[in-house]
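Visitor: Take a look and give me a structure for this.
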Amino acid sequence: MWIIPGQNQSWVSEFVFLGFLGGQTSNGILFIVFLLLYLSSVLGNGLIITLIYLDSNLHTPMYFFLCILSLLDMGYVTTTIPQMLVHLLAASKTISFAGCWLQMYVFGALGLTEGIFFAVMAYDRYVAICYPLHYTVILTWGLCIRLAVGTWACGFFFSLIHTFFTMRLPYCGPNIINHYFCEGPSVRSLACMDTHLIELVDLVITAIVIVAPLSLIVASYIRIALAILKIKSTQGRCKAFSTCASHLTVVTFFYAPSIYIYMRPNSSYSPECDKQVSLFYNVFTSLLNPVVYSLRNKDIKVAFLKVMGHGRVA
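Guide: Got it, this is the predicted structure:
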């Protein structure tokens with residue numbers, strides 16, 4: 001805490017994470033569990049990126065988007081988990097005000113980018129299934145790059161607005177965050193002023209970068225479902241459905257907890273519940289993506305076997 005000269009008001013210069021309550025033994029167990037989950041997530045997403053880079057057969061818009069999703073997941077989980085692992089073993093669980101600002105901004109930017117990017121991936125599936133003969137004409141590499149750059153720009157821009165308004169609030173104590181990282185609602189609950197205006201700003205941002213993309217995803221999959229029903233071949237319907245099922249699975253596991261966290265007022269803030277929900281969409285979703293896409297995707301399996309020296313698999 002530090003005090004502004006000439007005023008009787010103290011301001012927070014650092015925050016303390018409460019983290020997960022438990023003794024040394026339970027913290028040690030949590031450390032091992034989350035370390036394994038983190039390494040699995042990074043290695044899994046890293047493997048997908050490597051396979052897509054090495055196999056020229058995967059140099060298509062679909063796998064270009066999947067590569068970016070894996071890159072987002074790696075950054076997403078790396079923003080929070082390494083620090084949490086250190087705090088599980090360290091006596092001090094503090095983070096500077098500037099460090100909290102940076103963590104909130106990067107975490108929010110990657111999360112918002114990923115949320116918008118799911119809509120881009122849904123559009124890719126929509127074009128592939130509804131307009132298969134014009135797929136390469138519609139989704140040119142120039143358009144793919146513009147969609148990717150635009151998505152990243154939107155994520156980082158809206159995260160800057162969210163972080164700026166949150167960290168501009170007066171924090172005059174207490175400075176204990178009942179969380180394992182600097183997440184917006186958990187930090188905002190410590191502000192010593194009414195936060196309804198900031199909550200409204202967050203609600204608008206959420207509507208733009210979560211509700212709007214989710215609506216586009218739903219609309220895309222309604223059109224996709226109608227197109228799949230028109231496919232006469234049972235094998236063709238199954239292949240189209242399998243391709244979409246992977247995307248729908250990760251979209252559901254990402255959006256459901258995100259909406260719960262960011263589209264409710266501060267008055268309903270529940271620290272313990274929020275920590276569990278945040279773990280789900282931060283750690284487990286990042287781990288789920290490579291598992292879902294690798295286990296359900298024949299092209300990824302074939303690329304893996306080729307890289308491992310087993311040649312081309314029919």
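Visitor: Just the pLDDT at L71, thanks.
Guide: In the predicted model, L71 carries a pLDDT score of 93.
Visitor: which residue packs closest to it, ignoring adjacent ones?
Guide: Distances taken as C-beta to C-beta, 6 or more residues apart in numbering place I49 nearest to L71, at 6.4 Å, with adjacent residues excluded. Just so you know, the C-beta spots here come from the backbone N, C-alpha and C atoms, and that holds for glycine as well.
Visitor: Distance check, that neighbour against L72.
Guide: Plainly put, I49 is 11 Å away from L72 if you go by C-beta to C-beta, to the nearest Å.
Visitor: Of those two, give the one with the bigger neighbour count.
Guide: L72 (23 against 18; other C-beta atoms under 10 Å).
Visitor: Could you pull up the residues touching that one?
Guide: By C-beta atoms under 8 Å, 6 or more residues apart in numbering, L72 lies in contact with L110, T113, E114, F117.
Visitor: picking that back up, in contact with the residue nearest to L71, which residues?
Guide: The neighbours of I49, taking C-beta under 8 Å, 6+ apart as the test, are C67, S70, L71.
Visitor: Quickly name whichever of those residues is closest to Y131.
Guide: The closest of these to Y131 turns out to be C67 (C-beta to C-beta; 22.7 Å).
Visitor: Low-confidence bits of the stretch 1-150 of the chain, can you list those?
Guide: Filtered on pLDDT under 70, the stretch 1-150 of the chain yields the residue ranges 1-10, 22-23.
Visitor: where do the strands sit along it?
Guide: Along the stretch 1-150 of the chain, the segments classed as strands by DSSP state E, counting those that start in this stretch run 2-3, 10-11, 14-17, 94-96.
Visitor: Pick out the residue closest to the middle of the chain.
Guide: G111 (3.9 Å; C-alpha atoms, centre = their mean).
Visitor: is it true that that residue touches D73?
Guide: No - G111 lies out of contact with D73 (C-beta atoms under 8 Å); the separation is 10.4 Å.
Visitor: Ramachandran coordinates for S92?
Guide: The phi/psi pair for S92 (degrees, to the nearest 10) reads phi -90, psi 130.
Visitor: neighbours around the spatially closest residue to T113 that is not a sequence neighbour, how many?
Guide: Residue nearest to T113 in three dimensions, not counting chain neighbours: G155, with 2.9 Å by C-beta to C-beta, 6+ apart. Neighbourhood size, G155 [other C-beta under 10 Å]: 22.
Visitor: cool, H179 as well?
Guide: Other residues near H179 come to 23 when the count uses other C-beta under 10 Å.
Visitor: for the stretch 1-150 of the chain, what spans make up the helices?
Guide: Counting by DSSP state H, counting those that start in this stretch, the segments of the stretch 1-150 of the chain that form helices are 24-54, 61-78, 81-89, 97-130, 135-138, 141-167.
Visitor: same thing with the stretch 151-300 of the chain?
Guide: Under the criterion DSSP H, counting those that start in this stretch, the stretch 151-300 of the chain contains helices at 184-188, 196-206, 212-229, 234-262, 271-279, 285-295, 298-307.
Visitor: Pull out the buried positions in the last one.
Guide: Pointing back at helix 298-307 there. The neighbour-count check on helix 298-307 (16 or more other C-beta atoms under 10 Å) flags D299, I300, V302, A303, F304, K306 as buried.
Visitor: One more: the fifth one?
Guide: When neighbours are counted by 16+ other C-beta under 10 Å, the buried residues of helix 271-279 are found to be D274, K275, V277, S278, L279.
Visitor: if we take those, which one ends up nearest to E199?
Guide: Proximity to E199 was ranked across the buried residues of helix 271-279 by C-beta to C-beta; first place goes to D274, at 14.8 Å.
Visitor: roughly how far is stretch 89-100 from the heart of the chain?
Guide: 23 Å (C-alpha atoms, centre = their mean, to the nearest Å).
Visitor: Quick one: residues in contact with that stretch.
Guide: Against stretch 89-100 from outside (C-beta under 8 Å, 6+ apart): 12-19, 27-28, 31, 83, 87, 103, 167, 171, 182, 187.
Visitor: same question, stretch 110-121
Guide: The contact list for stretch 110-121, computed with C-beta under 8 Å, 6+ apart, reads 65-66, 68-69, 72-73, 75-76, 79, 147-148, 151-152, 154-156, 158-159, 205, 209-210, 213-214, 216-217, 220, 247, 250-251, 254-255, 258.
Visitor: same thing but 6 Å
Guide: With contacts defined as C-beta atoms under 6 Å, 6 or more residues apart in numbering, stretch 110-121 is touched by 65, 72, 75-76, 147, 151-152, 154-155, 158-159, 209-210, 213, 216-217, 247, 251.
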